[in-house]
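Novice: sequence-free structure coming up:
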């Protein structure tokens, strides 16, 4: 599994010539170009990715569903995350992130889905799962995978949430890039 830090995310944006403040515009533009749709399932970001996408005029062409699944009960009932996954591995795990992305794909029918689940802090962290640990799930037409984000125990809650949302939006852009022009 790929692990990205805050510095890695910012370096990827810089390398690709994308400003963090315009990620949503780039994502919507890329999805439109490719005639693709996206859906989100968010826990620790509380709908931030969905909000950023829907800031862009015309986003309804590419975005139809965003689920804020903060509680385990909603992760289970609405997204189909397995009870055993939540009780054995926890809400903050790669497996939960993947199941969230798969669940919102099934719910929405979107081409690309992305999920985020993690510990934004400032409380809730443990030695095993520190503040700043976020798992991102991604599901496309052929694959589902997770990316581990280690965004820093010393960062404020909003910085962690903003970095996680940026990673998700960048991933949507990259996933859309993989599709052949339709």
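Specialist: Received the coordinates, thanks. Quick caveat, the model's predicted, so the values are computed rather than measured. Residues are numbered from 1 along each chain as shown.
Novice: switch to C-alpha atoms for all contacts and neighbour counts from now on
Specialist: OK.
Novice: buried ones in the helix of greatest length in the chain?
Specialist: Ranked by number of residues, the top helix in the chain under DSSP state H is helix 157-178. Neighbour counts using 16 or more other CA atoms under 10 Å place 157, 160-173, 175-176 of helix 157-178 among the buried residues.
Novice: Then stretch 102-109?
Specialist: 102-105, 108-109.
Novice: What of stretch 117-131?
Specialist: 117-122, 125, 130-131.
Novice: what's the first-to-last distance across it?
Specialist: 12 Å (CA to CA, to the nearest Å).
Novice: same deal with stretch 28-45?
Specialist: Terminal residues of stretch 28-45 are spaced 19 Å apart (CA to CA).
Novice: mind listing the strands for this protein?
Specialist: 2-5, 38-42, 63-68, 112-118, 133-139, 144-150 (DSSP state E).
Novice: Just the mean pLDDT for the first one, thanks.
Specialist: The average pLDDT for strand 2-5 rounds to 98.
Novice: which helices and strands sit right next to that strand?
Specialist: Packing partners of strand 2-5 (3 or more CA pairs under 8 Å, 6 or more residues apart in numbering; DSSP states H and E): strand 144-150.
Novice: I'd like the distance from the strand it packs on to the chain centre, please.
Specialist: Distance, stretch centre to chain centre, for strand 144-150: 9 Å (CA atoms, centre = their mean, to the nearest Å).
Novice: Give me the contact list for it.
Specialist: Identification of contacts with strand 144-150 by CA atoms under 8 Å, 6 or more residues apart in numbering yields 1-6, 94-95, 97-98, 101-102, 132-139, 164.
Novice: can you check stretch 49-68 too?
Specialist: Stretch 49-68 has contacts (CA under 8 Å, 6+ apart) with 24-25, 27-28, 31-32, 35-43, 46-47, 104, 108, 110, 165-166, 168-169.
Novice: 6 Å - rerun?
Specialist: 24, 37-43, 46-47, 165 (CA atoms under 6 Å, 6 or more residues apart in numbering).
Novice: what do you get for stretch 40-48?
Specialist: Residues beyond stretch 40-48 that count as contacts (CA under 6 Å, 6+ apart) turn out to be 66-70, 113-118, 161.
Novice: start to end distance for it?
Specialist: 10 Å.
Novice: Give the residue spans of the chain that score low on pLDDT.
Specialist: 181-182 (pLDDT under 70).
Novice: Could you dump the strands of the chain into CSV with distance to residue 74 added?
Specialist: Listed next are those as CSV, based on distance: least, CA to CA, whole Å:
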stretch, distance to residue 74
strand 2-5, 27
strand 38-42, 11
strand 63-68, 9
strand 112-118, 13
strand 133-139, 17
strand 144-150, 20
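Novice: Mind checking the ones you listed for the one nearest to residue 87?
Specialist: Ranking the strands of the chain by proximity to residue 87 (CA to CA) places strand 112-118 first, at 14.9 Å.
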